[in-house]
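Q: I'll drop the sequence and a predicted model, then ask my questions.
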Amino acid sequence: MIGVGEAFAPRYAQARRRFLEACAAAGLAVQSHVHPLRGRDGEELALDVALDGAADADSLLIVSSGCHGVEGHCGSGVQVFALHDAEWREKARGQGVAVLYLHALNPHGFSHGRRVTQENVDLNRNFLDFSKPLPVNEAYASLHALLLPETWPPTAANQAEIDALIAREGLDFYQAAVSRGQYQFADGLFYGGAAPTWSNRTVREVLRTHAGRARRVGWIDVHTGLGPNGIGERIFACRDDAAAYARANAWWGTPAAPVTSMYDGSSTSAFLTGLMAFALEEECPQAEFTAIALEYGTEPMLEVMAALRGDHWLHRHPGAPAELAEAIQARMMTAFYSDTDAWRGQVISQARQAMFQAVDGLAAR
């Protein structure tokens, strides 16, 4: 066992090193899918994969981090702590459940402190059939210019216009319009892309390799940025399937705190398009699949949205003054990672509980 604080890291390179060291200490081999680009500090980037358990296990639990780049600080900490946690590893082995760790699904965003991939794509909106017509988010189209003004910080007039919109249409409308996913503005927020990204293609390859024979698969994908600080909301992450939702609630829900869903409006998340977890059902159709996004709150939603707007503005204005760029980047970090021992402790305790519950669910037959 290691201390909670030791499991987390402030930069991608450190997080990756701690993950690789934890795998080595646990005696696990790592398959590193190396990214074609380098990181913020010139470091190698990779989606690192480690399997703890039998390759032919009927039951498999996936624990993943960094789908949304900068959110990887949280998920990496969960994974590193778990790899040092002898009680947890014995629990999974004793129940015959193999655990697959996917570290840094979007390593480029993780390293550069962005939520998106190198293509400016939100990976969790990128899992669509691009041979078919893509969804049209008309509400986002009406807001694009307002969200990304020519100057940053926004002018008082720009902020007043957003405030008026929220007062008129409601905060839920604003959140849904911006975050649902859009496929028309390649430089915009929550852009789902025009083709599968490197991360999309690599995740699919990993799923075929490691989950292609499992009969039952659970998936906990760790996220941050929505909800009350330190609270890990368990958001249903499969397609709109009543049986899968019932399983998710049996594993992770309670009468007082059921698993939430974007399908019935109970989640802090808006309805989203192109979710990553859908790939499991496509690549491994033989498996009974149950998944959640474990979403930890950080800052209020409007603050998180403002941080994202600033990040995208900076991406469009790479020549911005260094002081302004540093302030925008620091705001992004705060929006997706609460750098306190109390928050990290809440993250680990709730993730650990969810992982134990998932193993019980997968083993119950």
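A: Done, it's in. Numbers count the residues shown, from 1 in each chain.
Q: For the nearest residue to P228 once chain neighbours are set aside, which residues are in contact?
A: Once flanking residues are discounted, P228 sits nearest to G297: 4.5 Å by Cβ to Cβ, 6 or more residues apart in numbering. Using the backbone N, CA and C atoms, a C-beta is placed for each residue, glycine as well. Remark: with contacts taken as Cβ atoms under 8 Å, 6 or more residues apart in numbering, G297 is in contact with 224-231, 233.
Q: and F356, what does it touch?
A: 88, 91.
Q: Please renumber the chain so that the first residue is 14 from this point on.
A: Yes, from this point I'll number from 14; that puts the last item at F369.
Q: As a check, name the ranges of all helices in this protein.
A: Using DSSP state H, the helices of the chain run over 17-20, 25-38, 85-96, 99-107, 120-125, 151-160, 169-182, 184-192, 211-224, 255-265, 291-296, 314-329, 335-349, 354-376.
Q: For L74, which of those is the nearest?
A: Proximity to L74, assessed across the helices of the chain by Cβ to Cβ, is greatest for helix 354-376 (5.2 Å).
Q: what about that closest one, distance to the chain center?
A: 16 Å (Cα atoms, centre = their mean, to the nearest Å).
Q: before we move on, the earlier item: will you turn the helices of the chain into JSON lines that also has mean pLDDT and distance to F140?
A: As requested, the helices of the chain are exported to JSON lines (pLDDT from 0 to 100; distance: least, Cβ to Cβ, whole Å):
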{"stretch": "helix 17-20", "mean pLDDT": "96", "distance to F140": "29"}
{"stretch": "helix 25-38", "mean pLDDT": "98", "distance to F140": "23"}
{"stretch": "helix 85-96", "mean pLDDT": "98", "distance to F140": "18"}
{"stretch": "helix 99-107", "mean pLDDT": "98", "distance to F140": "27"}
{"stretch": "helix 120-125", "mean pLDDT": "98", "distance to F140": "16"}
{"stretch": "helix 151-160", "mean pLDDT": "97", "distance to F140": "19"}
{"stretch": "helix 169-182", "mean pLDDT": "97", "distance to F140": "29"}
{"stretch": "helix 184-192", "mean pLDDT": "96", "distance to F140": "16"}
{"stretch": "helix 211-224", "mean pLDDT": "98", "distance to F140": "6"}
{"stretch": "helix 255-265", "mean pLDDT": "97", "distance to F140": "17"}
{"stretch": "helix 291-296", "mean pLDDT": "96", "distance to F140": "5"}
{"stretch": "helix 314-329", "mean pLDDT": "98", "distance to F140": "20"}
{"stretch": "helix 335-349", "mean pLDDT": "98", "distance to F140": "21"}
{"stretch": "helix 354-376", "mean pLDDT": "98", "distance to F140": "22"}
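Q: which one's the longest strand in this structure?
A: strand 229-242 (DSSP state E).
Q: the inter-axis angle of it versus helix 314-329?
A: Angle, strand 229-242 to helix 314-329, by axes from the mean of the first three to the mean of the last three Cα atoms, to 10 degrees: 100 degrees.
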